[in-house]
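Undergrad: Show me the folded form of this:
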Amino acid sequence: MTWTAAIAAALAALAMIGQDLLSTWLVQAESEYRATRAGVLDTLNWPMGMAVTFTTVEALQGHDLALKIAVCAAVSAANYTGTSTAVLIGRHIRDRNPQRCACGCPGANRKTA
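TA: As a prediction, this is how the structure comes out:
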């Protein structure tokens, strides 16, 4: 695998982490009925998704098996890392700014595992 291939795998992984962060925060914003925040996150999420698609499709269409394996492994690891990191950060933000649900039930404020 060449340096160019390694850079492509790294770019795909970074784009996947970015997409996971934005997607997780988008769902959290939607669950809190924060339309403006959700709209901005959704708008930012689309180009990240396209970057993931472009880099992975480009790598998977070629004939370099090492590149295909590297991109699949990097994006898979980034997928897990991005989502778990976003949940940890989002949980911290939500714990600092508790929100009641739209119906006003007290269950919206309790911490869950």
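Undergrad: quick one: least confident helix or strand in this protein?
TA: Counting by mean pLDDT, DSSP states H and E, the chain has its least confident helix or strand at helix 65-96, which shows a mean of 83.
Undergrad: Distance from the chain centre to that helix, please.
TA: 7 Å (Cα atoms, centre = their mean, to the nearest Å).
Undergrad: Find the nearest non-adjacent residue to D42, please.
TA: Leaving aside its chain neighbours, D42 sits nearest to L26 (5.6 Å; criterion: Cβ to Cβ, 6 or more residues apart in numbering). Placement of C-beta: from N, CA and C, glycine included.
Undergrad: contacting residues around the closest residue to L67 other than its chain neighbours?
TA: Using Cβ to Cβ, 6+ apart and skipping residues adjacent in sequence, the residue nearest L67 is A5, 4.2 Å away. If you count contacts by Cβ atoms under 8 Å, 6 or more residues apart in numbering, A5 has them with 59, 64, 66-67, 70.
Undergrad: What's the first helix or strand after the one helix or strand A5 maps to?
TA: Using DSSP states H and E, A5 falls within helix 3-31. Remark: after helix 3-31, the chain's next helix or strand is helix 35-61, criterion DSSP H and E.
Undergrad: and that following helix, what other elements does it pack with?
TA: On a contact count with 3 or more Cβ pairs under 8 Å, 6 or more residues apart in numbering; DSSP states H and E, helix 35-61 meets helix 3-31, helix 65-96.
Undergrad: Identify the residues contacting the residue nearest the centre of the chain.
TA: What sits nearest the mean C-alpha location of the chain, by Cα atoms, centre = their mean, is D20, with 0.5 Å. Counting by Cβ under 8 Å, 6+ apart, D20 makes contact with 78-79, 81-83, 85-86.
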